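Engineer: make a model of this:
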Amino acid sequence: MKKFLLLLFMLPGVVLSDEVREIPSIYLKPEFHSAFADYPLVVDNGYISIDNIEIAKKFIEPLPPDLNLDSERAIVFAWHGSDQDKIIYDQREDIYHFVYKKGMSDNMVHHIKIIIVPKKNDWLFHRVIE
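Structural biologist: You can find the predicted model right below:
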């Protein structure tokens, strides 16, 4: 059975599986939005994969005490959209799939998700517009 979980934004340290977790956006620097928009490695779809301390320090401060960038990577998703937008998570074999689903409401908000995944696993980001 495939497990789909809604990534919870408001709860710090939400555990999604034994290896994937979300960290709260309170760790982001106040100037996150301008740094994110100007950073050359940000993918046009609105995410960045952070896998070393130097990049992490550009966006995250203080670094969460349980973040180990030697064995983990932080994926930061940031976008402006419907308040019903969501990113869901699925794991098939050793690949994590993150799926963006567009909400249908007209209420526009900023969204930020910081997801920690093991470096040993591959991951993909999919956009599904319904």
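
Engineer: so residue 23 bridges to which residues?
Structural biologist: residue 114 (DSSP bridges).

Engineer: that one: neighbour count?
Structural biologist: A count of nearby residues for residue 23, using other Cβ atoms under 10 Å, gives 21. C-beta: built from backbone N, CA, C; applies to glycine.

Engineer: just name the shakiest helix or strand of the protein by mean pLDDT.
Structural biologist: Ranked by mean pLDDT, DSSP states H and E, the weakest helix or strand in the chain is strand 5-6, scoring a mean of 30.

Engineer: what segments of the chain are strands?
Structural biologist: Using DSSP state E, the strands of the chain run over 5-6, 14-15, 21-23, 47-50, 72-82, 86-92, 95-101, 108-118, 122-128.

Engineer: just how off-centre is the last one within its chain?
Structural biologist: The one in question is strand 122-128. With Cα atoms, centre = their mean, to the nearest Å as the basis, strand 122-128 stands 11 Å off its chain's centre.

Engineer: now the third one
Structural biologist: Shown here is strand 21-23, whose average C-alpha point lies 8 Å from the average C-alpha point of the whole chain (Cα atoms, centre = their mean).
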